[in-house]
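K.L.:
Give the three-dimensional model of this entry:
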Amino acid sequence: MLAEFLLTPDTLADDDGRNGTDVVREITDCLFPSRAVPVALVCKLGGDKWEIAASRRIARIENRNHRDAAMSFFKKLVSEYCAIRPPIQMPSEDENAWFNAGLTSASQVPMERIVVSAKFNLPSTMGVSLKTFVSDGFWVNYENPRLVGRDTASQEQVLRAICTHSEWLLLRLPQIRGGSDDEIVTVKQIIRMSNQQLPAGFSKSFIDLHLCLSGNLTEQQLIRSVSSELSSFVRTGVKIQLTIWPKAHFVNREILGGDYTKTSPGDLLQRSLWYITMNHVAVGSRRAANAGDAGNAWSLFSRQKAHERREGIKAETPLRVEVLT
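P.N.:
Numbers count the residues shown, from 1 in each chain. Take a look at the predicted model:
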């Protein structure tokens with residue numbers, strides 16, 4: 001499942017005392033697995049500052065084959081699987097300064113680990129050496145699909161990266177009836193993580209919550225009840241839209257997320273980056289009989305699948321769309 005890491009600029013030029021091209025191949029296999037969906041994001045701490053520092057480190061690699069391989073990997077990483085974190089003030093740009101900046105950023109919004117070069121002496125459990133990072137055993141904890149407990153604490157780590165780095169989120173949860181003890185619990189958790197718990201410099205997310213009618217509930221009753229549950233978020237500036245569908249229109253639990261791209265006329269279009277499906281989500285005090293860990297796999301799909309799923313939903317016509325105010 002999607003996890004966020006910081007690789008210090010020195011890491012990207014590290015040969016770990018071996019053949020540098022082998023090191024590049026190993027890290028490529030971890031971040032861009034050929035037969036699986038990539039499950040890691042690498043944060044550009046400070047955006048261009050991290051990118052410039054990393055490219056300079058790579059440019060100084062003496063072995064040409066290693067340098068060319070590292071630069072090719074780096075360009076692919078930046079274009080496909082990097083997310084920007086706000087800059088942290090640094091006294092210098094050596095690896096120790098980058099590591100400490102990563103610790104500061106992680107104290108604001110948690111990330112998984114900080115990956116460092118072989119020469120760096122790890123002072124914190126937040127750090128992990130490149131040698132460990134590229135080992136098979138390290139990635140067992142980030143397998144896809146992933147078993148996730150049906151409680152908010154278990155969900156937090158799995159949801160963090162997509163909530164932190166999405167400018168929009170589409171949530172499809174079929175078991176919401178307008179009460180406070182159903183799947184609205186997970187909706188509230190996602191809103192907090194993608195908006196209220198993000199400090200200045202992080203992008204807040206627009207929330208599009210998709211609901212199905214059920215029982216004798218009318219559209220207006222469902223909208224009124226859910227609006228009441230989410231009113232405290234709206235009052236603090238969170239942008240939330242409700243999209244209402246007929247009874248049993250969808251049964252699967254899904255999260256789609258991404259960012260916005262600007263067209264030449266200046267319009268903003270949603271770009272789909274993440275697509276997650278879940279057997280179950282946290283509700284409240286209630287627990288379904290089949291909601292144990294064995295029956296609660298969460299799956300992350302490719303960006304192509306995310307795009308196809310978003311386009312498929314856009315092609316359908318809901319009963320009603322309501323922006324909460």
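
K.L.:
Where does pLDDT dip in this structure?
P.N.:
285-295 (pLDDT under 70).

K.L.:
Contacts only, for the spatially most central residue of it.
P.N.:
For the chain, the residue nearest the mean C-alpha position is residue 162 (2.2 Å; C-alpha atoms, centre = their mean). Contact analysis of residue 162 by C-beta atoms under 8 Å, 6 or more residues apart in numbering lists 2, 169, 255, 257, 274, 276. All C-beta atoms are positioned from the backbone trio N, CA, C, and that covers glycine.

K.L.:
Would you list the phi and psi of it?
P.N.:
phi -70, psi -30 (degrees, to the nearest 10).

K.L.:
since we're on residue 44, how many residues are nearby?
P.N.:
By other C-beta atoms under 10 Å, the residues close to residue 44 number 20.

K.L.:
where's the closest residue to it other than its chain neighbours, which helix or strand?
P.N.:
Nearest residue to residue 44 in three dimensions, chain neighbours excluded: residue 50, at 4.6 Å (C-beta to C-beta, 6 or more residues apart in numbering). Using DSSP states H and E, the element containing residue 50 is helix 48-59.

K.L.:
How about residue 257?
P.N.:
Using DSSP H and E, residue 257 falls in strand 253-262.

K.L.:
Other residues contacting that strand?
P.N.:
With C-beta under 8 Å, 6+ apart, strand 253-262 has contacts from 159, 162-163, 166-174, 183, 190, 203, 205, 268-281, 306, 309-310, 313.

K.L.:
From residue 116, how far out is the nearest residue in space to residue 29 that is not next to it in sequence?
P.N.:
Counting by C-beta to C-beta, 6+ apart, residue 29 lies nearest to residue 134, which is 7.7 Å off, once chain neighbours are set aside. Taking C-beta to C-beta, to the nearest Å as the measure, residue 134 falls 13 Å from residue 116.

K.L.:
The two: which has the busier surroundings?
P.N.:
Between residue 134 and residue 116, counted using other C-beta under 10 Å, the more crowded position is residue 116 (28 against 20).

K.L.:
Dig out what that one forms beta bridges with.
P.N.:
residue 129 (DSSP bridges).

K.L.:
picking that back up, looking at the contacts of residue 162, which is nearest residue 124?
P.N.:
Distance ranking of the contacts of residue 162 against residue 124, using C-beta to C-beta, places residue 2 first at 23.1 Å.

K.L.:
for that closest one, what are its contacts?
P.N.:
Here residue 2 is in contact with 39, 40, 41, 158, 161, 162, 274, 276, 300 (C-beta under 8 Å, 6+ apart).

K.L.:
what about the fifth one, helix or strand, and which?
P.N.:
It refers to residue 161. helix 152-164.

K.L.:
okay, now the domains of this structure?
P.N.:
3-142, 147-323 (automatic domain parsing).

K.L.:
from what I can see residue 320 touches residue 218, true?
P.N.:
No - Residue 320 is not in contact with residue 218 according to C-beta atoms under 8 Å; the separation is 10.6 Å.

K.L.:
which of the two has more neighbours?
P.N.:
Legend: neighbour count by other C-beta under 10 Å for residue 320 and residue 218, higher for residue 320 (14 against 10).

K.L.:
Now do the helices in the stretch 51-200 of the chain.
P.N.:
64-80, 95-108, 130-133, 152-164, 184-191 (DSSP state H, counting those that start in this stretch).

K.L.:
looking at the ones you listed, which is buried most?
P.N.:
Stretch with highest mean neighbour count among these: helix 184-191 (a mean of 22; mean count of other C-beta atoms under 10 Å).

K.L.:
What is that one packed up against?
P.N.:
helix 152-164, strand 168-172, strand 206-212, helix 219-235 (3 or more C-beta pairs under 8 Å, 6 or more residues apart in numbering; DSSP states H and E).

K.L.:
Partner strands of the shortest one and their direction?
P.N.:
Right, strand 168-172. strand 206-212 (parallel), strand 253-262 (antiparallel).

K.L.:
Look up the closest residue to residue 139, ignoring the ones flanking it.
P.N.:
Closest to residue 139 by C-beta to C-beta, 6+ apart is residue 30, at 6.6 Å.

K.L.:
Surely that neighbour and residue 132 touch.
P.N.:
No - counting by C-beta under 8 Å, residue 30 sits too far from residue 132 to count as a contact (11.0 Å).

K.L.:
No further questions, thank you.
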